[in-house]
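In: Below is the sequence, then the predicted model.
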Amino acid sequence: MIGGGLAGVEAAWQAASAGVRVRLFEMRPVQQTPAHRTDKLAEIVCSNSLKSDEVGTAPYLLKEELRRAGSLVLEAAAATRVPAGAALAVDRSKFAEYVTDRIAEHSLIELVREEVTTIPPDRITIIATGPLSSDALTAEIMKLTGSDQLYFYDAIAPIVAADSVDTTIAFRAARYGKGGDDYLNCPFDQEQYQRFYEGLIAANSVPLQRFEETRWFESCSPIEELARRGIDTLRFGPMKPVGLPEPRTGREPYAAVQLRQENLMADAYSLVGFQNHLRYGEQARVLRLIPGLENAEFLQYGQIHRNTYICSPRVLGATMQMRESPTVFFAGQITGVEGYVESVAMGWLAGVNAARLLTGQCLVEAPAASAIGALAHYVSRAEVKNFQPVNITFALLRPLEEQQKRRVKRKRDRRHLQVELALKEWDKWLQEIQFQTAALPASAL
């Protein structure tokens with residue numbers, strides 16, 4: 001098992017829970033990455049949000065499938081959850097500690113702290129090195145997959161100290177009241193927004209690596225890149241004020257920046273959707289133009305790093321197994337899924353199937369109606385020419401039949417029905433493959 005990120009620990013946990021011995025390699029702290037800060041497993045380097053957990057949404061469906069399938073990562077998320085409205089957000093530090101401790105406790109998992117530079121041809125191997133594979137291993141992956149490296153740039157949002165936010169200006173609320181007062185919101189009038197926009201456009205960015213075409217992943221586009229599309233782009237994106245009326249006026253502001261709680265201590269908040277690659281001094285100057293952040297103390301500035309992923313439709317089956325090298329599986333973001341939970345889902349599937357291969361069982365494909373099945377279908381069967389990373393959405397899920405659509409008119413109700421049907425099929429499938437959702441405790445193995 002190569003890689004101790006979200007997908008790697010999930011794959012290792014599922015394989016070990018099936019009674020298979022696992023050697024889990026994590027190169028940190030021997031070899032660091034441009035984005036990680038600690039040596040903990042499952043360290044979250046971008047947003048601390050695992051996205052919506054509202055019933056009837058596609059992200060909820062994906063999480064619920066994993067919960068019902070004994071996911072270690074979802075167990076850790078539940079144990080370290082912080083307030084975030086309808087979203088599932090975690091205390092990053094406690095989350096990583098929880099996962100690291102659980103992996104260390106499992107008698108069938110051996111954690112090895114060293115960099116893997118070659119892929120063994122005679123061992124069942126899961127590659128879950130995520131978007132930040134080391135240069136040596138990336139070269140090996142390129143040889144193995146027989147194609148050039150794909151990449152896109154990803155960015156990390158800044159974090160501010162909670163006590164440096166001016167709460168006489170910033171107000172507590174969640175959009176449309178979902179979650180009570182879980183977020184801090186910094187409101188703009190038109191003049192303040194104009195001043196912020198002009199400062200952002202004029203700010204200096206960190207130069208990207210030479211000789212590489214810039215490919216931003218759309219949902220992680222830096223705010224300065226969005227701003228260059230037009231003055232109102234941010235107001236209809238990460239700074240949209242809808243559903244956030246100011247208590248003082250009862251009206252929605254011209255624009256707003258939301259701050260989400262980062263940890264259980266509630267002493268740090270991240271700027272939602274404010275990933276950027278501005279120089280640190282420029283970030284401090286521009287972001288302090290946000291009302292309520294005039295004296296902000298930055299605990300982390302926004303950063304930029306390159307993410308890599310393989311052209312999975314060329315090389316992977318829906319089991320996450322390589323077609324031409326059947327002892328090798330891929331898992332996580334390197335397969336072409338985008339998002340924490342999406343990566344965990346591919347790790348879950350790879351771990352289950354690697355264990356089945358080792359024990360002489362048939363490999364399994366997740367049901368087509370499920371969120372995990374939809375993601376696996378996409379990364380194994382998408383059009384090669386335009387293959388791009390995806391999050392889970394209803395567009396990937398199997399649509400309702402015509403008679404079901406006629407019976408259920410409202411879009412919201414249709415989506416609830418899709419989720420309900422998908423979970424029924426998921427539960428049935430888990431029974432069919434005789435999947436045991438409750439892993440044995442380490443002391444019993």
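Out: Cool, got the structure.

In: gap between residue 423 and residue 160?
Out: Relative to residue 160, residue 423 is positioned 39 Å away (C-beta to C-beta, to the nearest Å). Where you see a C-beta, it was placed from the backbone N, CA and C, and this is true even at glycine.

In: More neighbours: which of these two?
Out: A count of neighbours by other C-beta atoms under 10 Å puts residue 160 above the other of residue 423 and residue 160, at 25 against 17.

In: what about the helix or strand encompassing the more buried one, distance to the chain center?
Out: Element membership for residue 160, per DSSP states H and E: strand 159-161. In terms of C-alpha atoms, centre = their mean, to the nearest Å, the gap separating the centre of strand 159-161 from the centre of its chain is 21 Å.

In: what's the neighbour count on residue 67?
Out: By the measure other C-beta under 10 Å, the count of residues near residue 67 is 14.

In: now do the one 10 residues further on
Out: Applying the criterion other C-beta under 10 Å, we find 25 residues in the vicinity of residue 77.

In: Name the nearest residue to it, ignoring sequence neighbours.
Out: Residue nearest to residue 77 in three dimensions, not counting chain neighbours: residue 90, with 5.2 Å by C-beta to C-beta, 6 or more residues apart in numbering.

In: Got the confidence number for the one you found?
Out: Here, the pLDDT recorded for residue 90 equals 96.

In: Confirm that residue 187 lies within a strand, as I assumed.
Out: Yes. Counting by DSSP: H, G, I helix; E, B strand; the rest coil, residue 187 is part of a strand.

In: most remote residue from this structure's center?
Out: Here the chain reaches farthest from its C-alpha mean at residue 249, the gap being 36.1 Å by C-alpha atoms, centre = their mean.

In: Check whether it sits in a helix, strand or coil.
Out: Classified using three-state DSSP, residue 249 is coil.

In: tell me the phi and psi of it?
Out: Residue 249 adopts backbone torsions of phi -110, psi -20, taken as degrees, to the nearest 10.

In: Which residue ranges of the stretch 51-200 of the chain form strands?
Out: Counting by DSSP state E, counting those that start in this stretch, the stretch 51-200 of the chain has strands at residues 81-82, 87-90, 109-112, 125-127, 150-156, 159-161, 171-172, 183-188.

In: which residues of the stretch 51-200 of the chain score low on pLDDT?
Out: Scanning the stretch 51-200 of the chain for pLDDT under 70 picks out 131, 147-155.

In: Could I get the full set of helices for it?
Out: 58-68, 72-79, 92-105, 135-145, 190-202 (DSSP state H, counting those that start in this stretch).

In: mind listing what's buried in the longest one?
Out: Within helix 92-105, the residues that qualify as buried by neighbour count (16 or more other C-beta atoms under 10 Å) are 92-100, 102-103.

In: For residue 73, state which of those residues is nearest.
Out: Nearest to residue 73 out of the buried residues of helix 92-105 is residue 99 (C-beta to C-beta; 6.9 Å).

In: The closest one against residue 72, yeah?
Out: Yes. Residue 99 lies in contact with residue 72 (C-beta atoms under 8 Å); the separation is 6.6 Å.

In: Need the overlap of contacts for the two.
Out: The contact sets of residue 99 and residue 72 overlap at residue 9 (C-beta atoms under 8 Å, 6 or more residues apart in numbering).

In: What about residue 60, how many residues nearby?
Out: Neighbourhood size, residue 60 [other C-beta under 10 Å]: 21.

In: That one: what's it in contact with?
Out: Residue 60 sits next to 52-54, 419 when contact means C-beta under 8 Å, 6+ apart.

In: With residue 224 instead?
Out: Residues near residue 224 by C-beta under 8 Å, 6+ apart: 200-201, 203, 205, 276-278.

In: Check residue 289 too.
Out: Shown in contact with residue 289 (C-beta under 8 Å, 6+ apart): 192, 195-196, 199.

In: same check, this time on residue 99
Out: Residue 99 makes contact with 9, 40-42, 72-73, 76, according to C-beta under 8 Å, 6+ apart.

In: Surely residue 257 is in a helix?
Out: No. Read with three-state DSSP, residue 257 is strand and lies in no helix.

In: hey, what's it bridged with?
Out: In this entry, residue 257 is beta-bridged to residue 186, by DSSP bridges.

In: just checking, it touches residue 270?
Out: No. With contact defined as C-beta under 8 Å, residue 257 does not reach residue 270; the gap is 10.8 Å.

In: I'd like to know which of the helices of the stretch 51-200 of the chain is closest to residue 403.
Out: Residue 403 sits nearest to helix 58-68 of all the helices of the stretch 51-200 of the chain, at 21.8 Å, using C-beta to C-beta.

In: can you tell which of the strands of the stretch 51-200 of the chain is closest to residue 287?
Out: Closest to residue 287 of the strands of the stretch 51-200 of the chain, according to C-beta to C-beta: strand 159-161, at 8.2 Å.

In: tell me what that closest one is packed against?
Out: On a contact count with 3 or more C-beta pairs under 8 Å, 6 or more residues apart in numbering; DSSP states H and E, strand 159-161 meets strand 268-271, strand 298-300.

In: follow-up on the earlier one: with distance to residue 253 as added columns, please give the buried residues of helix 92-105 in TSV.
Out: Shown next, in TSV, are the buried residues of helix 92-105 (distance: C-beta to C-beta, whole Å):
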residue	distance to residue 253
92	29
93	33
94	33
95	32
96	36
97	38
98	38
99	39
100	41
102	43
103	45
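
In: show me what contacts residue 13?
Out: Neighbouring residues of residue 13 by C-beta under 8 Å, 6+ apart: 72, 102-103, 106, 109, 351, 439.

In: From residue 177, how far out is it?
Out: 37 Å.

In: Verify the contact between residue 329 and residue 352 for me.
Out: No. Under the criterion of C-beta under 8 Å, residue 329 is not in contact with residue 352, lying 10.1 Å apart.

In: More neighbours: which of these two?
Out: Neighbours per residue (other C-beta under 10 Å) separate residue 329 from residue 352, with residue 329 holding more: 30 against 25.

In: Pull the number of nearby residues for residue 184.
Out: By other C-beta under 10 Å, the residues close to residue 184 number 25.

In: Same question for residue 393.
Out: By the criterion of other C-beta under 10 Å, residue 393 has 12 neighbours.

In: pretty sure it is touching residue 58, no?
Out: Yes. Between residue 393 and residue 58 there is a contact under C-beta under 8 Å: 5.3 Å.
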